[in-house]
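Q: can you look at this prediction? I've put the sequence above it.
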Protein chains: 2
Amino acid sequence: MNTLDNLIQALSRLPGIGPKSAARIGYHLIKTNPQYNKELAKSIGTIQDVVFPCPVCGSYTEISPCRFCSDSSRDRELLCVVEQPQDVVTISTSGSYNGLYHVLGGAISPLDGIGPEDLSFDSLMRRISEGSFQEVIIATNPTEEGDTTAMYIRHLMKDFPDIILTRLASGLPIGGDLEYADRLTLARSLRGRIKF
Amino acid sequence: MNTLDNLIQALSRLPGIGPKSAARIGYHLIKTNPQYNKELAKSIGTIQDVVFPCPVCGSYTEISPCRFCSDSSRDRELLCVVEQPQDVVTISTSGSYNGLYHVLGGAISPLDGIGPEDLSFDSLMRRISEGSFQEVIIATNPTEEGDTTAMYIRHLMKDFPDIILTRLASGLPIGGDLEYADRLTLARSLRGRIKF
């Protein structure tokens, strides 16, 4: 059963998939519609050839620049700084935000060996100095790493005293992950964002 | 973002994967080792070409007959009847069983439109009449459907009064806490209590 074992082994390396879930999915894939398997296999095999980080904001896109950066109807005086590309989608689907985005690529985490030089602070500050932003919203996760990153941004923003710096309100459960916030909580924490 | 959306959509159709888990996995696949993606895609795309139900017992295999049916060291007087192919692996890894298997392909469930004619009772009874089994162990799930299926097997086995018919014991899970046992499990473990 090498092929099935290999498939289950590969599936169990996906985030949030343990050995039992991997086995369940593996057995499911033997019985499922063959067309579905072929399409899923093709999507997984080609995703990295098609999707890349937007050269402006860093969110994942198939066009350059991404649909947010190239959308002239968006408010170019608002910039929302997030940790991960998926956070852009999460905030976007909340329907409460119409500005631009900047993806840092993570959060400062000395324990994981991630320092400011590993994140896109350089391009963030370049965008801020060259753009027409009136407000920068820090939307890092409400975790220790997210807090550290927020404080680092506040430090960098000292050179731009005219730009309002805010942070998502804590209505988000502490220790949680932005990706798993529900729409209402996220919408409320956007509305109630506070000066940082 | 059609490609990524399609991937996330396809992933969310896997068992136990909701929209949020699918998105998390989708974004993970953009960042992961390309070699891993290619291998996972290949496994998913080819699994149905390589793995098939054993023509004898119905468990999934890459050789015909499967490694259980063709293993001469196994006890050919013992037959264990299970619902699904993965149940064979579960029982096999328990290390407590050395007989043969028979996979029904599900359980009788009138609500889901699954009747006896949809399951492999014909080949089960053919194997029993042609084989040298001394005992048939019913290992269907301890659910309403599994119970119905077990009773149906008992009905079929009336033609073979010399073969011992048994069923997996139901009761408290080992290492569990009496306080957290549900009522049905507790009732069944009381009814099935054994002399100590």
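A: Nice, I can see it.

Q: quick check: bridge partners of residue A:75?
A: Beta-bridge pairing of residue A:75 under DSSP bridges involves residue A:99.

Q: from residue A:102, how far out is it?
A: 14 Å (C-beta to C-beta, to the nearest Å). Where C-beta positions appear, they are placed from N, C-alpha and C, glycine not excepted.

Q: more neighbours, those two?
A: Set side by side, residue A:75 and residue A:102 show more neighbours around residue A:102, with 26 against 13, by other C-beta atoms under 10 Å in any protein chain shown.

Q: sec struct for that one, please.
A: Here residue A:102 is recorded as strand under DSSP: H, G, I helix; E, B strand; the rest coil.

Q: is it in contact with residue A:84, as I believe?
A: No - if you go by C-beta atoms under 8 Å, residue A:102 and residue A:84 don't touch, sitting 11.8 Å apart.

Q: wait, a helix at residue A:169?
A: No - secondary structure of residue A:169 (three-state DSSP): coil, not part of a helix.

Q: just give the nearest non-adjacent residue to it, would you?
A: Leaving aside its chain neighbours, residue A:169 sits nearest to residue A:192 (3.7 Å; criterion: C-beta to C-beta, 6 or more residues apart in numbering or on different chains).

Q: and the one you found, what's its pLDDT?
A: For residue A:192, the model assigns a pLDDT of 71.

Q: do stretch A:26-34 and chain B come into contact?
A: Yes - part of stretch A:26-34 sits near chain B under the criterion C-beta under 8 Å from any C-beta of the partner chain, namely A:26-30, A:34.

Q: what's around residue A:83, how many residues?
A: For residue A:83, the count of nearby residues is 23 (other C-beta under 10 Å).

Q: which residues sit in contact with it?
A: By C-beta atoms under 8 Å, 6 or more residues apart in numbering or on different chains, the contact list for residue A:83 reads A:103-107, A:140-141, A:146, A:149, A:178.

Q: repeat for residue A:154
A: A:138, A:165, A:196.

Q: show me the contacts for the residue nearest the centre of chain A.
A: By C-alpha atoms, centre = their mean, the mean C-alpha position of chain A lies nearest to residue A:84, the distance being 2.5 Å. Residue A:84 makes contact with A:103, A:105-106, A:178-179, B:27 under the criterion C-beta under 8 Å, 6+ apart.

Q: can you give me the helices for chain A?
A: In chain A, the helices defined using DSSP state H lie at A:2-11, A:19-31, A:34-50, A:85-94, A:121-130, A:144-156, A:183-191.

Q: starting at the chain centroid, how far to the last one?
A: Read that as helix A:183-191. 16 Å (C-alpha atoms, centre = their mean, to the nearest Å).

Q: now do the fourth one
A: The chain centroid and the centroid of helix A:85-94 are separated by 7 Å, computed with C-alpha atoms, centre = their mean.

Q: just the buried positions in it, please.
A: For helix A:85-94, burial by neighbour count (16 or more other C-beta atoms under 10 Å in any protein chain shown) applies to A:85-92, A:94.

Q: how does chain A divide into domains?
A: A:2-49, A:60-195 (automatic domain parsing).

Q: and the ones you listed, which one is worst for confidence?
A: domain A:60-195 (a mean of 90).

Q: endpoints of that domain, how far apart?
A: In domain A:60-195, first residue to last residue: 29 Å (C-alpha to C-alpha, to the nearest Å).

Q: can you check stretch A:65-72 too?
A: End-to-end distance of stretch A:65-72 (C-alpha to C-alpha): 12 Å.

Q: list the contacts of residue A:193.
A: Residue A:193 neighbours (C-beta under 8 Å, 6+ apart): A:137, A:166-169.

Q: for the residue nearest to residue A:160 when sequence neighbours are not counted, grab the count of nearby residues.
A: Spatial nearest neighbour of residue A:160, excluding adjacent residues (C-beta to C-beta, 6+ apart): residue A:128 at 6.1 Å. Neighbour count of residue A:128, defined by other C-beta under 10 Å: 20.

Q: how close does residue A:128 sit to chain B?
A: Between residue A:128 and chain B the distance is 26 Å, computed by C-beta to the nearest C-beta, to the nearest Å.

Q: what's the answer for residue A:125, then?
A: 24 Å.

Q: same check on residue A:51?
A: 5 Å.

Q: which residues does that residue contact?
A: A:60-62, B:1, B:3-4, B:30.

Q: again, but for residue A:69
A: Contacts of residue A:69 by C-beta under 8 Å, 6+ apart are A:54, A:56-57, A:100-101.

Q: closest to chain B among the residues you listed?
A: Nearest to chain B out of these is residue A:54 (C-beta to the nearest C-beta; 10.9 Å).

Q: surely the closest one and residue A:71 touch.
A: No - if you go by C-beta under 8 Å, residue A:54 and residue A:71 don't touch, sitting 12.0 Å apart.

Q: looking at the two, which one has more neighbours?
A: residue A:54 (23 against 12).

Q: now do the same for the more buried one: its pLDDT.
A: 96.

Q: could you count how many residues lie near the closest residue to it other than its chain neighbours?
A: With sequence-adjacent residues excluded and distances taken as C-beta to C-beta, 6+ apart, residue A:54 is closest to residue A:66, at 3.7 Å. Other residues near residue A:66 come to 24 when the count uses other C-beta under 10 Å.

Q: got phi/psi on residue A:66?
A: Phi and psi for residue A:66, reported as degrees, to the nearest 10, are phi -70, psi 170.

Q: list the contacts of it.
A: A:54, A:56-57, A:59-60.

Q: look up how far residue A:195 lies from residue A:181.
A: Taking C-beta to C-beta, one finds residue A:181 at 21 Å from residue A:195.

Q: tell me which of these two has more neighbours.
A: residue A:181 (23 against 8).

Q: quick one: residue A:96 and residue A:190 touch, right?
A: Yes - counting by C-beta under 8 Å, residue A:190 is a contact partner of residue A:96 at 4.4 Å.
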